[in-house]
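Participant: sequence and computational prediction follow.
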Amino acid sequence: MAGRRGPMRADVTPVVVRLKLSLLRNGLRQSGGRRAAYIASAVAVLLFSVLQLLGLIVLRGDEHAGSVVVPLVAVLAVGWAVMPLFFPGGDETLDPTRLVMLPLRPRPLVRALLVASLLGIGPVFTLCMLVGSVVSVAHGAMAYVFSVLGVVLALLVCVALARAVAVANIRLLTSRKGRDLAVLSGLVIAVGAQVVNFGAQRLGSGGLGQLDGPAEVLKWLPPASAIGAVDSASKGSYGVAVLQLALSAAALAGLLALWSHHLTRLMTSPDGSTLPSAAGAARERNSTGLTRLLPAGRTGTVMERSLRYVWRDPKTKAAWVTSLAIGLIVPVFNAVQGTGSIYFACFAAGMLGVQMYNQFGQDTSAFWMVAMTISSTRDAYVELRARALALLVITLPYATVVTVVTTALIDDWPKLPEVLGVSFALLGAMLATGAWSSARFPYSIPQEGYKNVAPGQAGLAAAAVVGGMVSAALLCAPVIALTIWANLSADGDAWSWVLLPVGAVYGTAITWAGLRLAAPRTARRLPEILMAVSKG
């Protein structure tokens, strides 16, 4: 038996590598669309990698080159750490529980999975960034020696970090709550893009020297310390360079040990993550606080159902998280950068109002239960009104907070009443057109996959959303015209406060009118709506 175990351990690495390649190859064979998407993304990433590599090489010789590449590597490491949390389905080999039944020991399995992790678009992109980083700061023969070691160590630390995070959270990532965590990827991407944009503008105005302070700290943190070692070696500080490399090597060893520990525990302990505890079940049965605050009858029931969709349904939650994030990011970041207007705060009302569109699509085929309870125009009106009220529970206070925050950042408090008035009017118009559009242009939202529209209904969805947003803007024309008059007239400032009650009353009236117009159409088209939302 001892003679057989040695060769078996030696063969684990090539077997896992071939498994990774087979998973990739078989995944691309599933459909032409998936293959085209993978090839397109690979080409785009490679082109971006080459451009970044050339940009870093051009940076060679600049006095602040080290201050640029060290934070860059730190950002890469952060990306590797959070990627498994938000995209757990991106790599099938991230879930080691599929190998539980095989006679594998943790140490050779860690080594095999580490090698397999080096295959893919992500490692290629990271390698290009690391090579460009060391080329931009390496000067002298010893620096190039440190460059080879630094690139290898930094790449391995990034990969091991991603694997350790994935294994430590694999029970969460493979559960329903873990899949719901992926909806936050839109928020992370949106915030990250705005932070990068803001940072780029600050660097463009203040120069690369602003990175000197952060780089002095980050060059001692792995894996950025591996690239900092190359910069130190270029300056002749070989002792410092060795210490920085040692820090990255120690981090790699620690991550591998942590990975192995979690892997051992994962492969030897039962999976109870999907078994609800008695205390948790009791808490859910007793969580009636939301019900107590809602109106009685059908209105409260429909509102509670809609709010539970927002909290529990992954597609609905993703749409809400994205709208909440963008609705805050656009006005706030523009205000911080000094390039925004106080009227950008209306963007929050517009983004949140879109959630009223295709209200029945989130019900999918279960809409038949809703349809069975609608026997008259009055029932349809109460159903639509309750869904609108559920949205207002979130959108009204959120739009108000965003407007106040934007006003505070721009420091233009006299404009606050009129901006709030326009926001309320726009929100009312979005609710009105959304109710009508939900009855006239319903479409299905697939429960599986990443698409939010069923095949063949993309044009219908675009017409509903775009047409509704344009109609909402036109419906707000009276309030917008009054706002323009208040800003252009000599006496307009004295009356700008009137726009707050006018906008609130106008938004309420137009919402009521929209619901009244949509209710008869909804009651008449129940079979057509059910057929449209059941295609996914």
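Facilitator: Structure's in. What do you need?
Participant: residue 308: neighbouring residues, count only.
Facilitator: Using other Cβ atoms under 10 Å, residue 308 has 13 neighbouring residues. C-beta coordinates here come from the backbone N, C-alpha and C atoms, glycine included.
Participant: from here on, count from 585
Facilitator: Okay, using 585 as the starting number, the last item reads as residue 892.
Participant: can you point out the buried residues in the strand or helix carrying it?
Facilitator: Counting by DSSP states H and E, the element that carries residue 892 is helix 882-896. Neighbour counts over helix 882-896 (16 or more other Cβ atoms under 10 Å) mark 883-888, 890-891, 893-894 as buried.
Participant: between the residues you listed, which is nearest residue 1105?
Facilitator: Closest to residue 1105 out of those is residue 886 (18.1 Å), distances taken as Cβ to Cβ.
Participant: re the thing from before, which neighbouring elements make contact with the helix holding residue 892?
Facilitator: helix 873-877, helix 898-921, helix 961-994 (3 or more Cβ pairs under 8 Å, 6 or more residues apart in numbering; DSSP states H and E).
Participant: indicate which one of those is closest to residue 812.
Facilitator: Where the helices and strands packed on helix 882-896 are weighed against each other on Cβ to Cβ, the nearest is helix 898-921, at 30.4 Å.
Participant: distance from the chain centre to that closest one, please.
Facilitator: 10 Å (Cα atoms, centre = their mean, to the nearest Å).
Participant: who are the packing partners of that helix?
Facilitator: Applying 3+ Cβ pairs under 8 Å, 6+ apart, we find helix 898-921 packed against helix 760-765, helix 769-790, helix 882-896, helix 930-937, helix 961-994.
Participant: got the contact list for the fourth one?
Facilitator: Read it as helix 930-937. The set of residues external to helix 930-937 that reach it, using Cβ atoms under 8 Å, 6 or more residues apart in numbering, is 907-908, 910-912, 914-915, 975, 978-979, 982-983, 986-987, 1003, 1006-1008, 1010-1011, 1013-1015, 1018, 1053, 1056.
Participant: ranges for the helices of the stretch 735-884 of the chain?
Facilitator: Secondary structure of the stretch 735-884 of the chain by DSSP state H, counting those that start in this stretch: the helices cover 754-757, 760-765, 769-790, 796-802, 808-818, 822-852, 862-870, 873-877, 882-896.
Participant: buried ones in stretch 982-1000?
Facilitator: Applying a neighbour-count criterion of 16+ other Cβ under 10 Å, the buried positions in stretch 982-1000 are 982-984, 986-987, 989-991, 993-994, 999-1000.
Participant: mind putting those residues into CSV with distance to residue 1117 and pLDDT?
Facilitator: Formatted as CSV, the buried residues of stretch 982-1000 follow (distance: Cβ to Cβ, whole Å; pLDDT from 0 to 100):
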residue, distance to residue 1117, pLDDT
982, 27, 93
983, 28, 92
984, 32, 92
986, 31, 92
987, 34, 92
989, 36, 91
990, 36, 90
991, 40, 89
993, 41, 87
994, 42, 88
999, 42, 86
1000, 40, 88
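Participant: and the host helix or strand of residue 636, what's buried?
Facilitator: Counting by DSSP H and E, the element that carries residue 636 is helix 616-642. Of the residues in helix 616-642, those scored as buried under the neighbour-count criterion (16+ other Cβ under 10 Å) are 633, 636-637, 640.
Participant: same check on stretch 1042-1049?
Facilitator: Within stretch 1042-1049, the residues that qualify as buried by neighbour count (16+ other Cβ under 10 Å) are 1044-1045, 1048-1049.
Participant: go on, stretch 914-931?
Facilitator: In stretch 914-931, the ones that count as buried by 16+ other Cβ under 10 Å are 914-919, 924, 926-931.
Participant: which of those scores worst on pLDDT?
Facilitator: When it comes to pLDDT, residue 924 is the least confident member of these, at 72.
Participant: and what about it, helix, strand or coil?
Facilitator: Classification of residue 924 using DSSP: H, G, I helix; E, B strand; the rest coil returns coil.
Participant: circling back: for residue 659, which of the helices and strands packed on helix 882-896 is the nearest?
Facilitator: Residue 659 lies closest, by Cβ to Cβ, to one member of those: helix 898-921, at 18.4 Å.
Participant: now do the closest one against helix 961-994, angle only.
Facilitator: With axes from the mean of the first three to the mean of the last three Cα atoms, to 10 degrees as the basis, helix 898-921 and helix 961-994 are set at 30 degrees to each other.
Participant: between helix 898-921 and helix 882-896, how many degrees?
Facilitator: Helix 898-921 and helix 882-896 meet at an angle of 80 degrees, taking the same axes, to 10 degrees as the criterion.
Participant: let's see the pLDDT reported for residue 715.
Facilitator: Model confidence at residue 715, given as pLDDT, is 92.
Participant: average pLDDT across stretch 960-967?
Facilitator: 93.
Participant: residue 1030: which of the buried residues of helix 616-642 is nearest?
Facilitator: In terms of Cβ to Cβ, no member of these lies closer to residue 1030 than residue 633, at 32.5 Å.
Participant: just the CA atoms of stretch 647-663, as CSV, please.
Facilitator: Presented in CSV, the C-alpha positions along stretch 647-663 are these (Å, rounded to 0.1, in the frame of the first residue of the first chain):
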residue,chain,number,x,y,z
GLU,A,647,10.4,58.9,-10.4
HIS,A,648,7.0,57.8,-9.2
ALA,A,649,6.9,54.5,-11.0
GLY,A,650,7.2,52.6,-7.7
SER,A,651,4.4,54.6,-6.1
VAL,A,652,2.1,53.5,-9.0
VAL,A,653,2.9,49.8,-9.3
VAL,A,654,2.9,48.9,-5.5
PRO,A,655,-0.7,50.2,-5.0
LEU,A,656,-1.7,48.5,-8.3
VAL,A,657,-0.6,45.1,-7.0
ALA,A,658,-2.4,45.7,-3.7
VAL,A,659,-5.6,46.4,-5.7
LEU,A,660,-5.1,43.2,-7.7
ALA,A,661,-4.8,41.2,-4.4
VAL,A,662,-8.0,42.8,-3.2
GLY,A,663,-9.7,41.8,-6.4
